[in-house]
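Undergrad: Whatever this is, show me its structure:
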Amino acid sequence: MVGSVPLIKLRGIKKRYGGGDKPEVEVLHGVDLDIYAGEFVAIVGTSGSGKSTMMNILGCLDRPTEGVYKFNGKDVSTFDSDALAWLRREAFGFVFQGYHLIATESARENVEVPAIYAGMTEEERAARASELLTRLGMGERLDNRPNQLSGGQQQRVSIARALMNGGRIVLADEPTGALDSKSGAEVMVLLRELADAGHTVILITHDRDVAEQARRVIEIKDGHIVADSGCLQIPVLPEGSAAINLDDATSDAGTPLLTGLREALKTAWRGMRINRSRTILTLLGIVIGVASVIVMLAIGEGTKQQVVAQMGAMGPNMMYIASRSPDDGGPVGVITLDDFDAILALPQVIRVMPVLRDPALARYGNESMTLEVLGVSESLPDMHRWPVEIGRFFTATENSQIAPVAVLGADVYDRLFLDGRNPLGRQVLLNGAPFEVIGVMQRKGADSGNNKPDEQFFVPHETGMVRVFPQLRDESYGVIEAVSSDLVYVTQAKIEELLYKRHGRQDFRVYNSAARLQAEAETRNTMTMMLSLIAAVSLLVGGIGVMNVMLMTVRERTKEIGIRVATGARQRDILRQFLTEAMLVTISGGIVGVVMGLTIGTILILIGVPVVFSITAMAGAFLCAVATGVIFGYMPAKAAAQLDPVVALVGE
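TA: Presented below is the predicted three-dimensional model:
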């Protein structure tokens, strides 16, 4: 005789609800009950008698407030939540009055749910689910969703699900309550067949006619067992029936990680597809945030590199000196050639270039323009890293000989020589004096200030003093080249000290291009940072949207959570399910955001905006989106995992 020890043994089971600031209600009052393996038991009672609470405790969906529940001789109160999930998965199969099928999944997928948490492979699950449904007359309805099935058909799916992992104990809660008489009779036939096959069947019902079809009837009233027909004979289990080894409850690893992730992703993708509008709106915040971060940082990097290029073109070791009025008043200072000679004698200085500058009228043929004329030395191309495009620059000999030669800026050439002819050797009148064109500078573009080098006209310094600027009393400004960019500030300090000694007052100013461009770069970096912070805020808002949607999803799918818990899901399985859904949303949004950012950046490049994409920025924005999914999805996922299974099953 197998099963001389009760499979289920209850002693002094009490269950109270409420407490604290709520009135305490005791539903079960010290229930004692033994159920043996292989029994077909009906627990009958009116609504509010405590029979559903009894079922929840028997099925390990709920814990008693007091008393002892021993399963196969072991106290269930010693089991943690994972061990209870294992017991529900391996020992119990639930058949509910409301069917409790997952609406978004097919009949076969609903039946497979318990096997997912048992770690069964996808192929094995599909084969077993199809076999069970076919045996129950549902072979042609495998891919139908619950809303495409009748009540009787949905209950057959529920029974098949209860048997998926073996269903050694079938807990049927009002299995015929929502069915017509014919469908109800068919379900009872199935339950009797299961009992005959060795399954322990515990039927919860309020219908005495249904209860009488069981082999043992227990009546419960007001939380007390008031009648029990008793176990007339301990059932003999079929040969090969194995007892449940409760030692496995603490060593079971549950769902393999990859299997769990694959199923979570499949469920998440289905949910996103079904709720397309909500998914798109949720994605929008993530997409805008990621795209904004990528574009803003790309523009910032582009402008930064543009400034660096300007620094390289102007020379990071270049300084400029000009006269001014002292801060305490007085006439404008005068910087002479002797001053430049003294500056050149400093060990930190490589070379200096005095510059004369004044406007003049240039004319060639019928074309004329007012432009800026600069009297410079032959060092200009080297000092400014600015090559000649056509012809050559003048020499030191031509400078000393006061030669009437000139080199044109690119825009000056375009204005005076509209036909594009070769300007070399042509005579251009400058304030009425003829100058031979010997070269055209390479187009430079406007620098970071208001200076426009392409609109300038260059003549030798000595020629300018005699032929163009005879009225100028001093040099307009000077260009100084330091030994290296590292010594620019030291050199500037030495020059200021030298000139103060020579002039006796601060009637000059010295500045360097690196400092000006560095200040501009810092300003642009600040603007980029501000814009990036704005973009990050939009990403944060998108994350809050994800959290809001996930909280709504948990509320909408409360019953599904209860179903999964009843079929053996552990808390971490539910946590992984909803966290995966949140991450899938943000990963999808991150991918779309990266693509959108690249697209917008490409368009900006085409219209001339300096844009430099950064792999680091794109990866960072994408990872931030994923992190957003983890951070903002965790709280709703945790809330889902911690739901009371009894409350969840009756949730809407």
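Undergrad: Please make it C-alpha for all contacts and neighbour counts, starting now.
TA: Will do.
Undergrad: Could you name the helices and strands sitting against the helix or strand containing F458?
TA: Assigned by DSSP states H and E, F458 belongs to strand 456-460. Here strand 456-460 touches strand 367-376, strand 405-408, going by 3 or more CA pairs under 8 Å, 6 or more residues apart in numbering; DSSP states H and E.
Undergrad: Off-centre distance for it?
TA: In terms of CA atoms, centre = their mean, to the nearest Å, the centre of strand 456-460 is found 57 Å from the chain centre.
Undergrad: now do stretch 108-124
TA: 31 Å.
Undergrad: Let's see the distance spanning it from one end to the other.
TA: 12 Å (CA to CA, to the nearest Å).
Undergrad: For it, which outside residues touch it?
TA: 89-90, 101-102, 125-126, 129-130, 133, 142-143, 157-158, 160-162, 164-165, 254-256, 259-260, 263, 564, 567-569 (CA atoms under 8 Å, 6 or more residues apart in numbering).
Undergrad: and those residues, which are buried?
TA: 89-90, 101-102, 125-126, 129-130, 133, 142, 157-158, 160-162, 164-165, 254-255, 259-260, 263, 564, 567-569 (16 or more other CA atoms under 10 Å).
Undergrad: Could you confirm V27 falls within a helix?
TA: No - counting by DSSP: H, G, I helix; E, B strand; the rest coil, V27 is located in no helix; its state is strand.
Undergrad: what about it, how many neighbours?
TA: 19 (other CA atoms under 10 Å).
Undergrad: residues contacting it?
TA: So V27 contacts 14-17, 49-50, 53, 222-223 (CA under 8 Å, 6+ apart).
Undergrad: now it: how far from I204?
TA: With the distance defined as CA to CA, V27 ends up 16 Å from I204.
Undergrad: again with N275
TA: From N275 to I204 the distance is 37 Å (CA to CA).
Undergrad: Could you check which of those two is surrounded by more residues?
TA: I204 (26 against 11).
Undergrad: quick one: the more buried one and D75, what's the gap?
TA: Relative to D75, and taking CA to CA, I204 is found at 23 Å.
Undergrad: For V41, grab phi and psi.
TA: The phi and psi torsions at V41 (degrees, to the nearest 10) take the values phi -110, psi 140.
Undergrad: For burial, what's the neighbour tally of it?
TA: Residues lying near V41 (other CA under 10 Å) number 27.
Undergrad: can you tell me the helix or strand for S292?
TA: Counting by DSSP H and E, S292 is part of helix 276-314.
Undergrad: who touches the next helix or strand after that helix?
TA: Following helix 276-314 in sequence order, the next helix or strand is strand 318-323 (DSSP H and E). For strand 318-323, contacts defined as CA under 8 Å, 6+ apart pick out 332-335, 383, 476-482, 485, 488, 492, 507-514.
Undergrad: if you look at the residues you listed, which of them are in strands?
TA: Members of the contacts of strand 318-323 lying in strands (criterion: DSSP state E): 477-482, 508-512.
Undergrad: Can you pick out the most distant pair from those residues?
TA: With CA to CA as the measure, no two of these lie farther apart than A482 and F508, at 18.4 Å.
Undergrad: Which of these two has more residues huddled nearby?
TA: Neighbours per residue (other CA under 10 Å) separate A482 from F508, with A482 holding more: 25 against 20.
Undergrad: quick one: the residue of the chain most remote from its centre and S485, what's the gap?
TA: Each residue of the chain has a distance to the centre, and by CA atoms, centre = their mean the biggest one is for Q401: 70.2 Å. The gap separating Q401 from S485 is 34 Å, by CA to CA.
Undergrad: go on, P64?
TA: Distance from P64 to S485, by CA to CA: 81 Å.
Undergrad: Next: E66.
TA: 83 Å.
Undergrad: ok, the longest strand anywhere in the chain: who's next to it in the sheet?
TA: In the chain, assigned by DSSP E, the strand with the most residues is strand 349-364. Paired neighbours of strand 349-364 in the sheet (DSSP bridges): strand 367-376 (antiparallel), strand 427-430 (antiparallel), strand 477-482 (antiparallel).
Undergrad: angle of the last one against strand 508-512?
TA: Put plainly, it is strand 477-482. If you take axes from the mean of the first three to the mean of the last three CA atoms, to 10 degrees, strand 477-482 sits at 50 degrees to strand 508-512.
Undergrad: same question, the longest one
TA: Using the same axes, to 10 degrees, one finds that strand 367-376 and strand 508-512 are set 100 degrees apart in direction.
Undergrad: quick one: what helix or strand has G420 in it?
TA: Using DSSP H and E, G420 falls outside every helix and strand.
Undergrad: Kindly reformat the strands paired with strand 349-364 as a markdown table containing mean pLDDT.
TA: What follows is the strands paired with strand 349-364, written out as a markdown table (pLDDT from 0 to 100):
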| stretch | mean pLDDT |
| --- | --- |
| strand 367-376 | 92 |
| strand 427-430 | 94 |
| strand 477-482 | 88 |
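Undergrad: Check these for me and report the most buried one.
TA: Mean neighbours per residue, mean count of other CA atoms under 10 Å, is largest over the strands paired with strand 349-364 for strand 477-482, with a mean of 23.
Undergrad: Restrict stretch 160-170 to CA atoms and write it as PDB.
TA: Output of stretch 160-170 as PDB, limited to C-alpha atoms (Å, rounded to 0.1, in the frame of the first residue of the first chain):
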ATOM      1  CA  ALA A 160      -3.900  20.600 -20.100                       C
ATOM      2  CA  ARG A 161      -1.800  23.400 -18.400                       C
ATOM      3  CA  ALA A 162      -2.400  21.800 -15.000                       C
ATOM      4  CA  LEU A 163      -1.000  18.500 -16.400                       C
ATOM      5  CA  MET A 164       1.900  20.000 -18.300                       C
ATOM      6  CA  ASN A 165       4.500  19.300 -15.500                       C
ATOM      7  CA  GLY A 166       2.800  16.100 -14.400                       C
ATOM      8  CA  GLY A 167       0.000  17.600 -12.300                       C
ATOM      9  CA  ARG A 168       0.300  15.000  -9.600                       C
ATOM     10  CA  ILE A 169      -2.100  17.100  -7.500                       C
ATOM     11  CA  VAL A 170      -4.900  18.900  -9.500                       C
END
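Undergrad: got the contact list for the residue nearest to P645 when sequence neighbours are not counted?
TA: The spatial neighbour of P645 that comes closest, neighbours along the chain excluded (CA to CA, 6 or more residues apart in numbering), is G562 at 4.8 Å. Listed by CA under 8 Å, 6+ apart, the contact set of G562 reads 643-649.
Undergrad: And for G420?
TA: By CA under 8 Å, 6+ apart, the residues touching G420 are D414.
Undergrad: Give me the phi and psi for it.
TA: Per degrees, to the nearest 10, the backbone of G420 is at phi 70, psi 10.
Undergrad: where's L604, which helix or strand?
TA: Per DSSP H and E: helix 571-606 holds L604.
Undergrad: For that helix, name the packing helices and strands.
TA: Counting contacts by 3+ CA pairs under 8 Å, 6+ apart, helix 571-606 packs against helix 257-274, helix 276-314, helix 513-556, helix 558-566, helix 615-641.
Undergrad: counting contacts, what elements does the last one pack onto?
TA: The reference is to helix 615-641. With contacts taken as 3+ CA pairs under 8 Å, 6+ apart, helix 615-641 sits against helix 276-314, helix 513-556, helix 571-606.
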